[in-house]
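Novice: could you look at this predicted model? Sequence included:
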Amino acid sequence: MSLTRCKTMVLLALLALGSAHAADMAPASGAAPIASADAYDPNRFEVRGGFLASTWKPLTGDPYANAEIVLPKLISAPGWQDLLLPRLHAGATGNLVGGPSYIYVGGLWTLNYDRYFAEAFFGGAVHNGPLRSVNPDQPSLGCRAAYHSGANLGYHFDSHWSVMVTFDHLSNGEPTLSHCSANTGLSELGVRVGYSF
């Protein structure tokens, strides 16, 4: 999958999100707005999955599959302070053509606005990629453990289903945050679907 195709896929997903929101705003006979009982509730379990493509050399265009579970909030706070308290998420991202794959766990911070939402996540990961590669087609990831970070931009269709564009990054933070021998890193961009229950 080329970087151009990846960008096209993300653009189409964003256009679909905009079309869905426009359809929600358009007057329709017999259509009612989503009832409050059907509103998205971040205090439930959620499973997410989808496909991403590498945006980082030397693996540019490599396809990845992702599966993730998001836990309900363990602690809540009144007002805006609640935004500072993350949910926990854990998942796995697998390279579909034999490149490095990884598992991760961390915090997920969510900001909801009407049906739209934006998220940031940060935590740790363990990968199976090369630590120091002499092959120019493979990354040098330096250490087995790494930082895992990224962001989601998405849309809630109803209280259960959502779709999101995801940017996902794996890095050991060398030289500032670690003393690993190398830090090629991994970055992917793609689309995922979520189901809350």
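Specialist: Yep, that arrived. Residues are numbered from 1 along each chain as shown.
Novice: which residue packs closest to Trp49, ignoring adjacent ones?
Specialist: To be clear, residue 49 is Gly; Trp isn't right here. In space, and not counting its chain neighbours, Gly49 is closest to Ala67: 4.6 Å by CB to CB, 6 or more residues apart in numbering. No exception for glycine: its C-beta is placed from N, CA and C like everyone else's.
Novice: verify the stated contact: the one you found with Glu46.
Specialist: No - counting by CB atoms under 8 Å, Ala67 stays clear of Glu46, with 11.9 Å between them.
Novice: who has more neighbours, these two?
Specialist: For Ala67 versus Glu46, the count of surrounding residues by other CB atoms under 10 Å is larger for Glu46: 21 against 14.
Novice: which pLDDT value goes with that one?
Specialist: In this prediction, Glu46 carries a pLDDT score of 96.
Novice: need the contact list for it.
Specialist: 69-70, 194-197 (CB atoms under 8 Å, 6 or more residues apart in numbering).
Novice: write the ChimeraX selection for whichever of those are buried.
Specialist: Buried residues among these (16 or more other CB atoms under 10 Å), as a ChimeraX selection:
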select :70,194,196
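Novice: among the contacts of Glu46, which ones are in strands?
Specialist: Members of the contacts of Glu46 lying in strands (criterion: DSSP state E): 69-70, 194-196.
Novice: shaky segments in this structure?
Specialist: Applying pLDDT under 70 to the chain picks out residues 1-38.
Novice: just the strands from it, written as ranges.
Specialist: Under the criterion DSSP E, the chain contains strands at 46-54, 63-70, 87-95, 102-113, 116-127, 145-156, 161-171, 186-196.
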